[in-house]
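**Student:** sequence plus predicted model, see below.
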Amino acid sequence: MVVVPELPEVEALAAFLRERAVGHFVARIDVAAIHVLKTYDPAPTSLAGQQVTGAGRHGKFLDLDCDGLHLVVHLARAGWLHWREQLAPAPPKPGKGPIALRLHLDDGAGFDLTEAGTKKGLSVYIVTDPATVPGVARLGIDPLREDFTSEALAALTRSARQQLKGLLTDQTVIAGIGNAYSDEILHVARMSPFKPSAGITGDDLQVLYAAVRTTLADAVARSDGVAASDLKREKKTNLRVHARTGQPCRVCGDTVAEVSFADSSLQYCPTCQTGGKPLADRRMSRLLK
Ligand SMILES: [Zn+2]
């Protein structure tokens, strides 16, 4: 299973950097894969000598604040941050291996941003204002923020033309939830991923709202204090339905099922979520028409 970083993992990486990197100065940045850099001005070299003053998150974007100069990272599907207490002093070889960028701190520690596989999505921006990053500017409400109330969610579902799975993973509506946590939230809420969002009102709305908040808050709490290298394992072991096709549902014992959705697939429990009925692969039926 590929563990794609979503809100709880990025939050945990930010918390780790606040603990470990804030207060230190950036010694150097090595860019080994130039295609990950989406901005050119300010240059990456301008980070050298800056003090790390904060680390945070915008949706699934990680934001390292270097005294007003922000290193904003979107890890995409296969990107990750590897922290090293003793970073190799030599720059990584361009075009060789998974390391895209290496950031050295003044104490010899630092991190590598890596990307596995051939589908490249890792993106790095160096900006004075994170809101100028297009993906950040488009983000919807953060589901862990105080103003994400059940009324706020009701307003979003009311005007939505998407199915629940689409609504939860649309970054311009709610920021930070991806394929894994949307599967988990819908299993907790006992709702079909294909249910039309506009139909979610009353008690259903309260159930969905509670599922969003508790699923994400629990994942963040579990990740708190977990080392960056262990975050993926932590996520994997606690999943209820996501990436568990063919395995028993932890609630009812039914077999977790899978169906195509958008450019990926989703997992759900028929007994818990769809009244025992398997979901039809709509993408396939559309192709056959
Ligand atoms: Zn079940």
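**Tutor:** In hand now; what should we look at?
**Student:** now stretch 243-254: average pLDDT?
**Tutor:** In this model, stretch 243-254 has an average pLDDT of 97.
**Student:** got it, and stretch 159-170?
**Tutor:** Averaged across stretch 159-170, pLDDT comes to 96.
**Student:** over to stretch 79-98?
**Tutor:** 91.
**Student:** do the same with stretch 25-38
**Tutor:** Across stretch 25-38, pLDDT averages out at 96.
**Student:** over to stretch 134-144?
**Tutor:** If you average the pLDDT over stretch 134-144, you get 97.
**Student:** and for that stretch, what are the contacting residues?
**Tutor:** Under the criterion C-beta atoms under 8 Å, 6 or more residues apart in numbering, residues 7, 11, 58-59, 61, 72, 74, 123, 130-131, 147-148, 152, 156, 170-177, 212-213, 216-217, 220 lie in contact with stretch 134-144. (Glycine included, C-beta is placed from N, CA and C.)
**Student:** rerun that using 6 Å as the cut-off
**Tutor:** Stretch 134-144 is touched from outside by 58-59, 61, 130-131, 148, 171-175, 212, 216, with contacts defined as C-beta atoms under 6 Å, 6 or more residues apart in numbering.
**Student:** enumerate every residue touching Ala175.
**Tutor:** Counting by C-beta under 6 Å, 6+ apart, Ala175 touches Gly59, Leu139, Gly140, Asp142.
**Student:** now with 7 Å, please.
**Tutor:** Each residue near Ala175 by C-beta atoms under 7 Å, 6 or more residues apart in numbering is listed here: His58, Gly59, Leu139, Gly140, Ile141, Asp142.
**Student:** which residues of the stretch 51-200 of the chain fall in strands?
**Tutor:** Here the stretch 51-200 of the chain has its strands, by DSSP state E, counting those that start in this stretch, at 54-58, 61-66, 69-74, 79-84, 99-105, 110-115, 123-127.
**Student:** tell me the buried residues in the third one?
**Tutor:** What it means is strand 69-74. Leu69, His70, Leu71, Val72, Val73, His74 (16 or more other C-beta atoms under 10 Å).
**Student:** restrict the residues you listed to those near the ion?
**Tutor:** Within the set of the buried residues of strand 69-74, contact with the ion (C-beta under 5 Å from the ion) is found for no member.
**Student:** related to what we said a few turns ago, looking at the contacts of Ala175, which one is closest to Pro196?
**Tutor:** Pro196 lies nearest to Gly140 out of the contacts of Ala175, by C-beta to C-beta, at 18.7 Å.
**Student:** that closest one and the ion, how far apart?
**Tutor:** Counting by C-beta to the ion, to the nearest Å, the separation of Gly140 from the ion is 29 Å.
**Student:** begin at 577, not 1, for the rest of this chat.
**Tutor:** Fine by me, first position is 577 from now on; the one you just mentioned is Gly716.
**Student:** picking that back up, which two of the buried residues of strand 645-650 lie the greatest distance from each other?
**Tutor:** Leu645 and His650 (17.5 Å).
**Student:** ok, and the closest non-adjacent residue to whichever residue of the stretch 627-776 of the chain sits closest to the ion?
**Tutor:** The nearest approach of the stretch 627-776 of the chain to the ion comes at His763, 7.4 Å away (C-beta to the ion). Once flanking residues are discounted, His763 sits nearest to Val817: 4.6 Å by C-beta to C-beta, 6 or more residues apart in numbering.
**Student:** what do you get for Asn755?
**Tutor:** That would be Ser840: by C-beta to C-beta, 6+ apart, it lies 5.6 Å from Asn755.
**Student:** cool, thanks, talk later.
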